[in-house]
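Student: Could you work out the structure for the sequence below:
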Amino acid sequence: MARLQLSEIWIYPIKSLGGIRLQSSKVARKGLIYDRRWMLVDEQNSFMTQRIHHQMALFKLSLDQNGFNIDHQRASLFLPFKNDLLPTPIQTKVWDDEVTVFEVSSLVSEWFSKQLDTTCKLVEFPEQNLRPVDSRYQLNQEQVSLADGYPFLIVGQSSLDDLNSRMNTVIPMDRFRPNLVFTGGEPYEEDSWKQFSIGKNKFIGVKPCSRCVLTTVDQQTAIQGKEPLATLATYRKKDNKIYFGQNVLAIDHDEIYEGDEIIFK
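Tutor: Residues are numbered from 1 along each chain as shown. Next up, the predicted model:
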């Protein structure tokens, strides 16, 4: 059996904007630290994603000592890890979940509004604010950040390789926005993973991840096409949903590192 190894670690600090690859990360209660703790909301305080606003793909983030550098074409912004949030709470929803968030600052919101040419606010989801994982899949009252539903997503490189072998155009892993990528093993074997360890951390696979039109947006150009959903629909469709990757919960909250071995226990 091929050795399974954690090959990539990714966080997406602002929901639906560019990701940052890390060599190591702390596993926190809501997911990897800084992963999807911020998001953009529109004038109705509804969350914004690439599903509608494809141009959100063009915001590129990088890690700095005290925060994140955000670049959009020729404009740039620095977002600190810790912000003096505006005091008025904002009630919003991430799908069916109601969450309480706070605007980072009017200046930051103005910058994003200018870049996107639409009125919006950047909001932060404080670590102490609650958003429980779907009760059907909870083990220990797990919480989730502003991710769609679960604190972690894992995808095997073999799964992407198999998908690409079926298509005319090769697509990168960034279409699927995983937190954890691994090498070794068979295509789609993560579908059936239950208990496994990465380094010192135990994880539980809870359900395969259903995919949406966001996967069809090129993360470098923001242009939408038909792939990979058109191809995935031919062999990865079940109950009218298309699946790729596995949603995961964490039992432990320690550091993980690129190169960590994945072991089943």
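Student: Output the below-cut-off pLDDT ranges for this structure.
Tutor: 1 (pLDDT under 70).
Student: Tell me which residues of the lengthiest helix in the chain come out buried.
Tutor: Using DSSP state H, we find that the single longest helix of the chain is helix 106-116. Residues 108-109, 111-113, 115-116 are the ones in helix 106-116 that count as buried (16 or more other C-beta atoms under 10 Å). No exception for glycine: its C-beta is placed from N, CA and C like everyone else's.
Student: That helix: what's the following helix or strand?
Tutor: strand 121-124 (DSSP states H and E).
Student: In terms of secondary structure, what does that following strand contact?
Tutor: In terms of contacts (3 or more C-beta pairs under 8 Å, 6 or more residues apart in numbering; DSSP states H and E), strand 121-124 is packed against strand 38-41, strand 89-94, strand 97-103, helix 106-116.
Student: What is the end-to-end distance of stretch 127-139?
Tutor: 20 Å (C-alpha to C-alpha, to the nearest Å).
Student: Can you list the buried residues in that stretch?
Tutor: Those would be 131, 133, for stretch 127-139 by 16+ other C-beta under 10 Å.
Student: burial count for residue 264?
Tutor: Look at residue 264: counted by other C-beta atoms under 10 Å, it has 9 neighbours.
Student: Kindly state the beta-bridge partners for it.
Tutor: residue 196 (DSSP bridges).
Student: try residue 100
Tutor: Bridge pairing for residue 100 - DSSP bridges - gives residue 91.
Student: For residue 163, give me its contacts.
Tutor: Shown in contact with residue 163 (C-beta atoms under 8 Å, 6 or more residues apart in numbering): 171, 228, 231-232, 244.
Student: how does it look with 10 Å?
Tutor: 170-171, 175-176, 187-188, 227-228, 231-232, 235-236, 244 (C-beta atoms under 10 Å, 6 or more residues apart in numbering).
Student: for residue 250, same thing?
Tutor: 27-32, 139-140, 142, 151-152, 198, 201-204, 256.
Student: Enumerate the beta-bridge partners assigned to it.
Tutor: The partner residues for residue 250, given DSSP bridges, come to residue 203.
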